[in-house]
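In: just coords:
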């Protein structure tokens, strides 16, 4: 049975073929961008997609939100004719996509915006379009003493009120690595985190499939405290949900998110134009503003508002204040950790 997204993609392709009879189905297919779920899809739909359409004479585009692991699985299953044209990956999955030969090099020489990115974002296999910052999120109406440490999730007053994500998400894996470090572990050894999670189980209300689902639990009043993405929380606040973000004393986790052209994409030119829009100053400036509050990588964007107040004044300040994890080391064992987490951390 065809799902709604597949039907939409097919309809858009057939419509383009009707307008331009010389196009094949592959040529007429809309650009498919696998963004992330939740706040990322909202932000890209509101800001990035209109900018892309403006630069491409209203070229058709479909957002297909999913976790990085699902993006990689989907492309791997159809390498010769991938169903996705542009992937969005956190550091670990980006390395996996490269190792599996799923990525087309980004045409740096054609890009007007690439040179404006901070050096750490200038990856020739796909630039970093933004930073994500993960810290503690909580409901100020029910949590009277704001948390200051990851360890506060184990406080007895939070019995049945803590939410986390599984390790398929970068948020979940990054959180587990930080828990491991608190108990003598490291990026290569998170056994201490699994032991700590056994003690956290009485406090757990939910293990969400992804950060978007975790944010929804705050809307529904099912959780009071959790690890969470800064920008996802800001979007909830803009909707009137009582929620706040704080960087734990151990340091909030920051990681860059890369946007990559899929190898063998039938829409390489449109894929390039989407990425060019994503790393441009106008798009990153708008995404940095409320309600999205996405941390930029373009040096021409001046950090202001809530990002400057809560996170960092500029990218140099960000690099000094936050924890950047070793994803090359993490990736080596992550599949086994995910399997173990799914087996052991059940409610």
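Out: All right, it came through fine. Keep in mind that this is a model prediction, so the values were computed, not measured.
In: show me where the stretch 101-250 of the chain has strands.
Out: Applying DSSP state E, counting those that start in this stretch to the stretch 101-250 of the chain gives strands spanning 103-104, 128-138, 162-165, 204-208, 225-229, 244-246.
In: Dump those into a markdown table; add mean neighbour count and mean pLDDT as well.
Out: Where C-beta positions appear, they are placed from N, C-alpha and C, glycine not excepted. Output for the strands of the stretch 101-250 of the chain, formatted as a markdown table (neighbours: other C-beta atoms under 10 Å; pLDDT from 0 to 100):
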| stretch | mean neighbour count | mean pLDDT |
| --- | --- | --- |
| strand 103-104 | 19 | 98 |
| strand 128-138 | 25 | 95 |
| strand 162-165 | 26 | 97 |
| strand 204-208 | 20 | 96 |
| strand 225-229 | 27 | 95 |
| strand 244-246 | 19 | 94 |
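In: what's the closest of the ones you listed to residue 172?
Out: Closest to residue 172 of those is strand 162-165 (C-beta to C-beta; 4.0 Å).
In: And that closest one, what does it pack against?
Out: The contact analysis (3 or more C-beta pairs under 8 Å, 6 or more residues apart in numbering; DSSP states H and E) places strand 162-165 against helix 170-182, strand 204-208, helix 211-219, strand 225-229.
In: if we can go back for a sec, can I get the strands of the stretch 101-250 of the chain in TSV with distance to residue 305?
Out: As requested, the strands of the stretch 101-250 of the chain are arranged in TSV below (distance: least, C-beta to C-beta, whole Å):
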stretch	distance to residue 305
strand 103-104	34
strand 128-138	14
strand 162-165	27
strand 204-208	28
strand 225-229	17
strand 244-246	14
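In: Among those, which comes closest to residue 94?
Out: Among the strands of the stretch 101-250 of the chain, strand 103-104 sits nearest to residue 94 (C-beta to C-beta), with 8.1 Å.
In: Return the distance of that closest one from the chain's centre.
Out: 19 Å (C-alpha atoms, centre = their mean, to the nearest Å).
In: What strands flank it, and is each parallel or antiparallel?
Out: Strand 103-104 has its sheet partners listed here by DSSP bridges as strand 253-262 (antiparallel).
In: any idea of the mean pLDDT in the strand it pairs with?
Out: Summarised as a single mean, pLDDT over strand 253-262 is 96.
In: Contacts for the helix or strand just after that strand next, please.
Out: Scanning forward in sequence from strand 253-262 by DSSP states H and E, the next helix or strand is helix 268-278. Contacts made with helix 268-278 from outside it, assessed by C-beta atoms under 8 Å, 6 or more residues apart in numbering, are listed as 31, 33, 48, 51-52, 55-56, 59, 61, 85-86, 104, 106-107, 110-113, 126-127, 129, 259, 261-262, 265, 283-284.
In: Pull out the buried residues from helix 268-278.
Out: 268, 270-278 (16 or more other C-beta atoms under 10 Å).
In: Any chance of these in TSV with distance to residue 336 and pLDDT as columns?
Out: Listed next are the buried residues of helix 268-278 as TSV, based on distance: C-beta to C-beta, whole Å; pLDDT from 0 to 100:
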residue	distance to residue 336	pLDDT
268	35	97
270	37	98
271	33	98
272	36	98
273	39	98
274	34	98
275	32	98
276	38	98
277	38	98
278	33	98
